[in-house]
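K.L.:
Provided below for reference: sequence and predicted model.
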Amino acid sequence: MKKAFVTGWPIHHSKSPDLHGFWLKQYGIEGSYEAVAVEPENFQQFLKNLPKSGFSGGNVTIPHKETAFANVDHLDKAAKTIGAVNTLWLENQRLCGGNTDTYGFSANMDQFAPDWEHGKTAIVLGAGGASRAIIFSLLEKGYQEIHVINRTLERAENLARLFGDKCHAHGWTSIPDLMPKTDFIINTTSIGMAGSDVSMMPDLSTLPKSAIVTDIVYTPLETPFLKSANDLGLETVDGLGMLLHQAVPGFEKWFGIRPEVTDELRQHILGLT
Ligand code: ATR
């Protein structure tokens, strides 16, 4: 029986066991996917033990993604660029680490707003780990101007430096100037997450009518950011699909079948919230 896990600290809120459990059942695979809580001080040892643990691999979430990055034998290109690992697997007893957030973001956009690939100028709000993965996706798609906007300017500057001359850092005050020439805007901050502070919500009314708007937050599914875009008649994509799609490459590596992201799966995960 093949076994996989998701590890974090804490881990009880993770939707990954339901997501992978749905696919295991759907494809009739004799396998398991379980949540394993590992305290930060024990995580390196957990990684060391993995080749002999009986697991084929697993997912890594907060706060272990950077430690995983620093302690695997091999990194894929996305993990190298992002500086964080969210997926582990074994190849000939070698521990490999990848990052599937970039894939998840792109696949979600391909599914729900395929026109995103024609854009040239994007705004990315936020400068954390998710922002990095998304900037990488935008560059891969051929975006020419990526404006990273963050409450703490220094973090945006660090990201822009990392990604080179197509990436520009700004503070929040630049938003009004940038909006009218933006094809695609992505919120990677926690603004609008259930119960969070929305005082810094940007005004989207000067975006071009053809602009695409997405949010990586999916609780609630229609965040205040997406609601404001929907009210303006703009094309929007919610963040749930990124979660579902980023799980695909890991499942394929551990269980040998490339699973599909269907509406049935979406409804199943939505039913749990
Ligand atoms: P992740 O790795 O999931 O992207 P993170 O590293 O905690 O998460 O980053 C969260 C992002 O949301 C940061 O860009 C943060 O801004 P700061 O760098 O200034 O902290 C941003 N953020 C969080 N709450 C915010 C709020 N209420 N208004 C604006 N930005 C916010």
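P.N.:
Now that the structure is in, tell me what you want to look at. Just so you know, these numbers come straight off a predicted model, no measurement behind them. Numbering: from 1, shown residues only.
K.L.:
can we go C-alpha only for contacts and neighbour counts from here?
P.N.:
Noted.
K.L.:
what's the neighbour count on the closest residue to E222 other than its chain neighbours?
P.N.:
Closest residue to E222 apart from its sequence neighbours, by Cα to Cα, 6 or more residues apart in numbering: D238 at 6.8 Å. As a burial measure, D238 scores 21 neighbours (other Cα atoms under 10 Å).
K.L.:
Next: the one 4 residues further on.
P.N.:
A count of nearby residues for M242, using other Cα under 10 Å, gives 24.
K.L.:
can you check T189 too?
P.N.:
Residues near T189, counting by other Cα under 10 Å, number 19.
K.L.:
List the contacts of it.
P.N.:
Remark: with contacts taken as Cα atoms under 8 Å, 6 or more residues apart in numbering, T189 is in contact with 125-128, 217.
K.L.:
So the residue nearest to E222 versus the ligand, what's the distance?
P.N.:
Using Cα to the nearest ligand atom, to the nearest Å, we find D238 at a distance of 16 Å from the ligand.
K.L.:
OK, contacts around that residue?
P.N.:
Taking Cα under 8 Å, 6+ apart, one finds 214-218, 221-222, 226 in contact with D238.
K.L.:
From the contacts of T189, which land in strands?
P.N.:
Mapping the contacts of T189 onto strands (DSSP state E) picks out L125.
K.L.:
now, which of the contacts of T189 lie close to the ligand?
P.N.:
126-128 (Cα under 6 Å from any ligand atom).
K.L.:
I'd like to know which of those are buried.
P.N.:
By neighbour count, with 16 or more other Cα atoms under 10 Å, the ones next to the ligand among the contacts of T189 hold 126-127 as buried.
K.L.:
So L232 is in contact with S205, correct?
P.N.:
Yes: counting by Cα atoms under 8 Å, L232 does reach S205; the two are 6.9 Å apart.
K.L.:
for the spatially most central residue of the chain, what are its contacts?
P.N.:
Nearest to the geometric centre of the chain sits D101, at 3.8 Å (Cα atoms, centre = their mean). Contact analysis of D101 by Cα under 8 Å, 6+ apart lists 86, 130, 133-134, 242, 246.
K.L.:
mind redoing it with 10 Å?
P.N.:
78-79, 82, 85-87, 107, 129-134, 136-137, 242-243, 245-247 (Cα atoms under 10 Å, 6 or more residues apart in numbering).
K.L.:
picking that back up, least confident of the ones next to the ligand among the contacts of T189?
P.N.:
Ranked by pLDDT, the ones next to the ligand among the contacts of T189 bottom out at G128 (91).
K.L.:
Phi and psi next, for that one.
P.N.:
phi -90, psi -160 (degrees, to the nearest 10).
K.L.:
when you give positions from now on, start the count at 9
P.N.:
Yep, numbering from 9; the last one is G136 now.
K.L.:
Low-confidence regions, the stretch 159-281 of the chain specifically.
P.N.:
Applying pLDDT under 70 to the stretch 159-281 of the chain flags residues 281.
K.L.:
My guess is F77 contacts I90. True?
P.N.:
Yes: in this structure, F77 is within contact of I90 by Cα atoms under 10 Å, at 9.5 Å.
K.L.:
Identify the contacts common to those two.
P.N.:
Joint contacts of F77 and I90 (Cα under 10 Å, 6+ apart) are 106-107.
K.L.:
tell me which parts of the stretch 59-208 of the chain are close to the ligand?
P.N.:
134-139, 158-160, 163, 196-199, 205, 208.
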